[in-house]
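S.K.: Build the 3D model from these lines:
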Amino acid sequence: MKTFFKSLLNYNQWANESVLNSVISGKISDEKMLSILNHIISAQILWYDRISGRGDNLIRPWHQFPLEKLSGEFLNNTNQWLKLLSSADEYFWNKEFAYKNSIGDSFKSSYTDVFTHVINHSSYHRGQIALRMRELGFNPVLTDYIVYQRSAAVD
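M.R.: You can find the predicted model right below:
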């Protein structure tokens, strides 16, 4: 499981950074896209805070960072997830932890489900950004997992 999720976390970082760089290099200042990019990192931070025991809802799901800070936030958060992953033992994946969602409802989820959710959540929103880029006449960057794997194999 560690190897699998490490690969997915690294892919997620690559894909998020690719989209961010595409927005910056294209000088795209669309508020909707920037809001979604911010939501991706805010949600990743929020879930990390929950899963690591730092607390519930320390950051709002739609928190807005300055554009120039997004890359650092993505990288820092990925490193936090990777550090958590490196300390996981074989029993970690089936354990559940309790947390409250953004409106205060209590839940329990397994670590496996949360890791999976974080990656899928980012992919979903990157798709929204790609669609918005097309609507504005831009070509979105390819962020498919297989594209990442091909480029990682070449690097």
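
S.K.: Kindly indicate whether the residue of the chain positioned farthest from its centre is helix, strand or coil.
M.R.: When distances are taken from the C-alpha mean of the chain, Gly137 lies farthest, 25.3 Å away, according to Cα atoms, centre = their mean. Under the three-state scheme (DSSP: H, G, I helix; E, B strand; the rest coil), Gly137 adopts coil.

S.K.: Model confidence at it, what's the number?
M.R.: Note for Gly137: predicted pLDDT of 95.

S.K.: Ramachandran angles for it?
M.R.: Gly137 adopts backbone torsions of phi 90, psi 10, taken as degrees, to the nearest 10.

S.K.: Where does the prediction get shaky in the chain?
M.R.: 56-57, 153-155 (pLDDT under 70).

S.K.: Please enumerate the strands of this protein.
M.R.: Per DSSP state E, the chain carries strands over the ranges 96-100, 106-110.

S.K.: And these: which comes nearest Phe4?
M.R.: strand 106-110 (14.8 Å; Cβ to Cβ). Yep, even glycine has a C-beta here, placed from its N, CA and C like the rest.

S.K.: Now do the buried residues in that closest one.
M.R.: Ser109 (16 or more other Cβ atoms under 10 Å).

S.K.: cool, stretch 105-123 as well?
M.R.: Neighbour-count burial for stretch 105-123, counted by 16+ other Cβ under 10 Å, picks out Ser109, Tyr111, Val114, Phe115, Val118, Ile119, His121, Ser122, Ser123.

S.K.: Over to stretch 88-108?
M.R.: Phe92, Tyr99.

S.K.: measure that stretch end to end?
M.R.: With Cα to Cα, to the nearest Å as the measure, stretch 88-108 spans 18 Å from end to end.

S.K.: about what we covered before: check the gap between the residue farthest from the centre of the chain and Ser25 for me.
M.R.: Gly137 sits 15 Å away from Ser25, going by Cβ to Cβ, to the nearest Å.

S.K.: Kindly report the same for His63.
M.R.: In terms of Cβ to Cβ, His63 sits 24 Å off from Ser25.

S.K.: ok, now Ile103?
M.R.: Distance from Ile103 to Ser25, by Cβ to Cβ: 37 Å.

S.K.: what do you get for Trp93?
M.R.: Plainly put, Trp93 is 38 Å away from Ser25 if you go by Cβ to Cβ.
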